[in-house]
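Asker: quick one: sequence and predicted model below, then my questions.
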Amino acid sequence: MDTNTILIIFLIFLILIMLFKTRVTVIDNQPVPVPVPVPAPIKPIGGCAGTRYGCCPNGVTARMNPAGTNC
């Protein structure tokens, strides 16, 4: 046998192996996590008028003192 014949037989053998090679597929059956809704921020009862010193400029956070140092 010459080298060309051996090369052709090898290539045919390689192609056959690639065609009949088993393929493994992994299926993940875990459930998809559902996103948890973010609760709305708690507003002071009565709005800004219901707090002693009113609200910060963001309109949500109540002021802790007249100067609004916590804002």
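Answerer: Good, I have the coordinates.

Asker: mind checking the SS state of V34?
Answerer: coil (DSSP: H, G, I helix; E, B strand; the rest coil).

Asker: neighbours of it, how many?
Answerer: Using other Cβ atoms under 10 Å, the number of residues around V34 comes to 6. The C-beta positions use only the backbone N, C-alpha and C, and glycine is treated the same way.

Asker: mind checking how far it is from C48?
Answerer: 35 Å (Cβ to Cβ, to the nearest Å).

Asker: and G68, by the same measure?
Answerer: When Cβ to Cβ is applied, the distance between G68 and C48 equals 12 Å.

Asker: cool, and T5?
Answerer: Summarising the geometry, the distance separating T5 from C48, computed by Cβ to Cβ, is 92 Å.

Asker: looking at those two, which one has more neighbours?
Answerer: Counted by other Cβ under 10 Å, T5 and C48 do not tie: C48 has more neighbours, with 16 against 9.

Asker: list the contacts of the more buried one.
Answerer: Under the criterion of Cβ atoms under 8 Å, 6 or more residues apart in numbering, the contact partners of C48 comprise 54-55, 59, 62.

Asker: please repeat the previous calculation with a cut-off of 7 Å.
Answerer: Contacts of C48 were listed using Cβ atoms under 7 Å, 6 or more residues apart in numbering, and they are 54-55, 59.

Asker: just the helices in this protein please.
Answerer: Using DSSP state H, the helices assigned to the chain run over residues 3-20.

Asker: give me the below-cutoff pLDDT ranges for it.
Answerer: Along the chain, the model assigns pLDDT under 70 to residues 1, 22-26, 43-46.

Asker: do that again at 50, thanks
Answerer: Low-confidence segments of the chain, defined by pLDDT under 50, are absent.

Asker: rewinding a little: top of the contacts of C48 by neighbour count?
Answerer: Of all the contacts of C48, the highest neighbour tally under other Cβ under 10 Å goes to C55, namely 19 neighbours.
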